[in-house]
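Enquirer: quick one, what's the 3D model for this:
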Amino acid sequence: MSDSRLLRIGTRNSPMALAQAERVRAMLADRHPDVTVEVRSMSTSGDRWLGDLAVLGGKGAFTKEVDAALLNGDVDLAVHCVKDVPGDRPAPAGTVLAAYLARDDVRDCLVHPGGLRIEQLPAGARVGTSAVRRVAQLALHWPDLVPVPIRGNANSRLAKLDAGEAYDALLLAVSGLQRIGQADRITHPIDVDSMIPAVGSGTLVLQCRDDDTRTRDLAASLNDPRTWRETMAERTMLHILQGNCHSPIAALARTEPDGRLGLRARVISLDGKTVLDVHEWAADPITLGTSVAAALLRQGARELLDLPTHGSA
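Expert: Next up is the predicted model:
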């Protein structure tokens, strides 16, 4: 940093991303009052593009401009949703994922104008989502519902629902709606045993330059060890499976009372007819993620993941 008293946070300019960056700014300002923290937002190709994310190279479309600003020294710290950070490749050279904030609600939820729960939707109801993970689990548990692709940030998706466009309901993340002050729109938080979340759901990660020890130390002061362990198990599994934005992979690690980690993961065909399901426990997150990935591969995950899909996880 050119000014030792200044910390510049880089983020996407969507309402949710700005709210997340402001949350980090406030936390840092509270713990480190001697540091001036600024938020600098930027547009990303993932926000501008409304087509299939795979065309832009997947989830990295939401982070690459922020990554470039970080590497160029234009910002010192980046705030990302973990589920937007590619899991099939390491962080860009010269950067490090320095801290994981305490995890928020991991559940997906239904948003329906009439307040219905997902099991109350009539056959043929159009549910807006572009996440292949959600599409596959819809097909598994609620095959009479019709997933309809939708892109854009959560605010714009809610606006499309309200405008009566081609959707009867939406599937969104509980944590995302909470972060943008729209939790009152949630009509049915869906149990994680029915709709297993995406890897890293509910978690914010702080990224900085690897050689910027001062920023690394500031970020580390916000790290939550439990969240780090759970996220590391999930992302280890995702990395070994080489999962990306069009992989129907769902996973959730949870810390048991005895300190062990449990990791449940699914790989599901888009029609919901083939389900690979693994649930294992271990003390070490890397060991656990590796073991769960190996078990899924033994069940045939590679062949299932190599099938063509479209959308985002």
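Enquirer: which element follows the helix-or-strand element of the chain with minimal mean pLDDT toward the C-terminus?
Expert: None of the helices or strands of the chain scores lower by mean pLDDT, DSSP states H and E than helix 45-48, at a mean of 50. Next along the chain after helix 45-48, taking DSSP states H and E as the criterion, comes helix 64-72.
Enquirer: and the next element down the chain from that following helix?
Expert: Next element after helix 64-72 (DSSP H and E): strand 77-81.
Enquirer: now do that following strand: distance to the chain's middle.
Expert: On the basis of Cα atoms, centre = their mean, to the nearest Å, strand 77-81 sits 12 Å off its chain's mean C-alpha point.
Enquirer: what's it packed up against?
Expert: strand 6-12, helix 15-31, helix 64-72, strand 204-209, helix 213-220 (3 or more Cβ pairs under 8 Å, 6 or more residues apart in numbering; DSSP states H and E). Heads up, the C-betas are built off the backbone N, CA and C, glycines and all.
Enquirer: reformat these as CSV; add mean neighbour count, mean pLDDT and distance to Pro143.
Expert: Output for the helices and strands packed on strand 77-81, formatted as CSV (neighbours: other Cβ atoms under 10 Å; pLDDT from 0 to 100; distance: least, Cβ to Cβ, whole Å):
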stretch, mean neighbour count, mean pLDDT, distance to Pro143
strand 6-12, 23, 94, 35
helix 15-31, 17, 95, 31
helix 64-72, 17, 89, 37
strand 204-209, 24, 97, 34
helix 213-220, 17, 97, 44
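Enquirer: out of those, which gets nearest to Ala139?
Expert: helix 15-31 (27.3 Å; Cβ to Cβ).
Enquirer: so the closest one versus strand 6-12, what angle?
Expert: If you take axes from the mean of the first three to the mean of the last three Cα atoms, to 10 degrees, helix 15-31 sits at 160 degrees to strand 6-12.
Enquirer: what does helix 15-31 contact?
Expert: With contacts defined as Cβ atoms under 8 Å, 6 or more residues apart in numbering, helix 15-31 is touched by 7, 9, 11-12, 35, 37-39, 41, 77, 79, 81, 101, 153-155, 176, 179-181, 204, 206, 218, 221-222.
Enquirer: tell me the strands beside the helix or strand following that helix, with direction?
Expert: Downstream of helix 15-31, the next assigned helix or strand under DSSP H and E is strand 36-42. Paired neighbours of strand 36-42 in the sheet (DSSP bridges): strand 6-12 (parallel).
Enquirer: distance from the chain centre to the strand it pairs with, please.
Expert: In terms of Cα atoms, centre = their mean, the centre of strand 6-12 is found 20 Å from the chain centre.
Enquirer: would you list every one of the helices in the stretch 101-250 of the chain?
Expert: For the stretch 101-250 of the chain, applying DSSP state H, counting those that start in this stretch gives helices covering 132-141, 154-162, 174-179, 213-220, 225-241.
Enquirer: picking up where we left off before, let's have the helices and strands packed on strand 77-81 in a markdown table, adding distance to Val111.
Expert: As requested, these are exported to a markdown table (distance: least, Cβ to Cβ, whole Å):
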| stretch | distance to Val111 |
| --- | --- |
| strand 6-12 | 22 |
| helix 15-31 | 15 |
| helix 64-72 | 28 |
| strand 204-209 | 22 |
| helix 213-220 | 33 |
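Enquirer: which among these is found nearest to Leu241?
Expert: Closest to Leu241 of these, according to Cβ to Cβ: strand 204-209, at 19.5 Å.
Enquirer: same for the closest one, what does it pack against?
Expert: helix 15-31, helix 64-72, strand 77-81, strand 95-100, helix 213-220.
Enquirer: give me that answer again for 7 Å
Expert: Counting contacts by 3 or more Cβ pairs under 7 Å, 6 or more residues apart in numbering; DSSP states H and E, strand 204-209 packs against helix 64-72, strand 77-81, strand 95-100, helix 213-220.
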